[in-house]
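Participant: Generate coordinates for the sequence data below:
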Amino acid sequence: MLTRLSLAIFALTASAPAFAAAPAQIPEGSSATLFALGVLGVIIGRRLSMRKSNREED
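Facilitator: Residues are numbered from 1 along each chain as shown. Have a look, this model is predicted:
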């Protein structure tokens, strides 16, 4: 029983690199921060422009 278990563990660990996928690309913190700030700026800019256009209509 123990030998079957150890053979199964060995077979799984020996074949692991064959099934391993390429590592995921994780962006650097500064790139993600700049992207988030850009998106936030667009959202805030649109909201402010909508408020200004609503005030001008009144």
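Participant: what's the neighbour count on Asn54?
Facilitator: For Asn54, the count of nearby residues is 9 (other C-beta atoms under 10 Å). C-beta: built from backbone N, CA, C; applies to glycine.
Participant: One more: Leu7?
Facilitator: Counted with other C-beta under 10 Å, Leu7 comes out at 10.
Participant: for Glu28, same thing?
Facilitator: By other C-beta under 10 Å, 8 other residues sit near Glu28.
Participant: Just the pLDDT for it.
Facilitator: Model confidence at Glu28, given as pLDDT, is 79.
Participant: got it, and Phe10?
Facilitator: 70.
Participant: cool, and Leu2?
Facilitator: What the model reports for Leu2 is a pLDDT of 59.
Participant: And Arg47, how close does it get to Ser53?
Facilitator: Per C-beta to C-beta, to the nearest Å, Arg47 is found 11 Å from Ser53.
Participant: Assign the residue nearest the centre of the chain to helix, strand or coil.
Facilitator: With distances taken as C-alpha atoms, centre = their mean, Ile26 lies nearest the centre of the chain, 6.9 Å away. When classified by DSSP: H, G, I helix; E, B strand; the rest coil, Ile26 comes out as coil.
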